[in-house]
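Engineer: give me the fold of what follows.
(one chain, ligands or ions: 2)
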Amino acid sequence: MGRAFVYVILGGGVAAGYAALEFTKRGVRRGELCIISEEPLAPYERPALSKGFLLPEAPARIPSFHTCVGINEERLTPKWYKEHGIELVLGTRVKSADVRRKTLLTAAGETISYKILIIATGARSLKLEEFGVKGSDAENVCYLRDLADANTLVDLMQSCSGGNAVVIGGGYIGMECAASLVINKLNVTMVFPEAHCMARLFTPKIATYYEEYYKSKGVKFIKGTVLSSFDFDSNGKVTAVNLKDGSQLPADMVVVGIGIRPNTSLFEGQLTLEKGGIKVNGRLQSSNSSVYAVGDVAAFPVKLFGETRRLEHVDSARKSARHAVAAIMEPNKMDEFDYLPFFYSRVFTFSWQFFGDNVGEVVHYGDFSGSTFGAYWVSKGHLVGSFLEGGTKEEYEAIAKATRMKPAIEDLAELERQGLVFALSV
Ligand code: FDA
Ligand code: NAD
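Structural biologist: Ligands and ions are numbered 1, 2, ... in the order given. Next up, the predicted model:
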């Protein structure tokens, strides 16, 4: 038994939604395109799960955040796919792929064949078990990757209101969930191995600013250690978190955000991998010319830095997906993907954006006792990265533009003195 399509998108997340929109803009015909997703619903804007979805008042709910609402395009509801003749094969896991035969085998036993495949399988949460800690399947421990996880988190927050939440991990999930837990009236303790939060991106000075605010909201930070085990009650619920430093934290619920792994396993041994992802060229094409990869799972050349990178952020998922479809539909017209890395977050009333690369020397600017401040990264005499908290639309656009231009920086003290004015005048 089987079906055949011209184009198949494997994975139904953010990248899949933006790829579908681009296909329709470039004249895909009814019945040519299929999206296969393990999730039971049409693609949605995953970032909403750690923000609007967790609000105690008027939370965001599907269908309000189906893709591509994030960029004020059409909102791609199931009806939209139907109207455009795009087949959604939902609640269906692909269990094997054969890129030589151009077929995918679903867990239900169906073979789906393609002429062109776009891999958009994203990533999965790393589990505590992978660090030797048992018990993360307990009912009051949650991860946050998909809508099912987010529903579990909301149910737990509601049932534990006023109680103790332990957040494991000081990255994006940890910081965004800790803020939401506070807003939902839980007592929050964050535990992570680094010296400060968001260690992959923030400087100690930037991290201190946010940590001080979190502390003022009652959040406790336990740094430089990791958990070693859980204590459970007779029903298998976690009651406490034991740390390697010997201390113990009582817990009514636990949220874990300790990083991700890209979903590449179907293609290992069939496609070239790099940086943990599927290696693609500037057209997002893998080592097999009929197979493209986009979003979290793709390792693509970042021209600006002359390096292959795998980025785990929504802007890169959206743009790589659209570029791949453009390259597929108009092979003679397309330039190579020329992407400026862009990350952002929103917690409490804060909002920051970062563009480029956080390597080299750092220059901070602005008012760290107020609400607008930032940093520049300078490497080999050029501006390579820019961070801004509390900026206006024009200011964010200015730091993005300046970072893309990579201007020469001769005097770091002068850059510090000029601060945001530097980006605004480049
Ligand atoms: P994505 O993970 O969105 O989708 C992959 C899809 O493939 C899933 O539907 C999955 O079920 C499916 N799939 C995988 N294997 C399959 C198989 N074998 N068979 C069938 N289907 C399969 N970024 C940012 O820049 N700003 C932000 O604020 C946030 N916020 C944020 C919050 C939360 C809670 C998360 C989890 C992530 C973010 N991100 C983010 C990151 C951002 O959401 C992420 O980069 C994109 O979702 C990546 O899009 P993809 O389409 O590549 O993967
Ligand atoms: P992350 O990589 O941002 O952070 C992982 C954190 O795990 C590290 O900061 C570290 O503190 C911690 N850690 C690692 N090993 C640990 C251990 N053994 N014990 C305790 N802590 C440990 O990953 P994440 O926060 O899990 O986020 C998952 C994914 O979701 C990422 O791809 C991220 O980009 C994405 N995301 C992005 C945003 C955003 O861009 N605003 C928001 C939410 C999620």
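Engineer: show me the contacts for the closest residue to residue 73 other than its chain neighbours.
Structural biologist: In space, and not counting its chain neighbours, residue 73 is closest to residue 21: 6.3 Å by CB to CB, 6 or more residues apart in numbering. Placement of C-beta: from N, CA and C, glycine included. Counting by CB atoms under 8 Å, 6 or more residues apart in numbering, residue 21 touches 67, 68, 73, 74, 76, 322.
Engineer: what's the closest of those to residue 177?
Structural biologist: Checking the contacts of residue 21 against residue 177 with CB to CB, the nearest one is residue 67 at 22.3 Å.
Engineer: how much space between that closest one and residue 353?
Structural biologist: 21 Å (CB to CB, to the nearest Å).
Engineer: between the two, which is the more surrounded one?
Structural biologist: More neighbours surround residue 67 than the other of residue 67 and residue 353, with 31 against 21 (other CB atoms under 10 Å).
Engineer: could I get the phi/psi values of the more buried one?
Structural biologist: phi -60, psi 150 (degrees, to the nearest 10).
Engineer: pretty sure it contacts residue 22?
Structural biologist: No. Between residue 67 and residue 22 there is no contact under CB atoms under 8 Å: 11.3 Å.
Engineer: flag the shaky bits of the protein, pLDDT-wise.
Structural biologist: Low-confidence segments of the chain, defined by pLDDT under 70: 1.
Engineer: neighbours of residue 257, how many?
Structural biologist: By other CB under 10 Å, neighbour count at residue 257 equals 26.
Engineer: now for it: which residues touch it?
Structural biologist: 125, 143, 144, 167, 168, 169, 171, 172, 173, 174, 177.
Engineer: need the nearest residue in space to it, chain neighbours excluded.
Structural biologist: residue 173 (2.6 Å).
Engineer: test my guess that that neighbour contacts residue 47.
Structural biologist: No. Contact criterion CB under 8 Å: residue 173 and residue 47 do not qualify, at 11.2 Å.
Engineer: assumed the residue nearest to residue 73 was part of a helix.
Structural biologist: Yes. Counting by DSSP: H, G, I helix; E, B strand; the rest coil, residue 21 falls inside a helix.
Engineer: so how far is residue 322 from it?
Structural biologist: Noted for residue 21: a distance of 8 Å to residue 322, by CB to CB.
Engineer: okay, now residue 314: neighbour count?
Structural biologist: Residue 314: 22 neighbours (other CB under 10 Å).
Engineer: so what touches stretch 391-399?
Structural biologist: By CB under 8 Å, 6+ apart, stretch 391-399 touches 353, 355, 372, 374, 386, 387, 388, 420, 423, 424, 426.
Engineer: who's in contact with the first one?
Structural biologist: If I follow you right, that is residue 353. Per CB under 8 Å, 6+ apart, neighbours of residue 353: 342, 343, 344, 387, 388, 391, 396, 399, 400.
Engineer: ok, and the closest non-adjacent residue to the residue nearest in space to the middle of the chain?
Structural biologist: With distances taken as CA atoms, centre = their mean, residue 313 lies nearest the centre of the chain, 3.9 Å away. The shortest distance from residue 313 to any non-neighbouring residue, by CB to CB, 6+ apart, is to residue 343 (5.1 Å).
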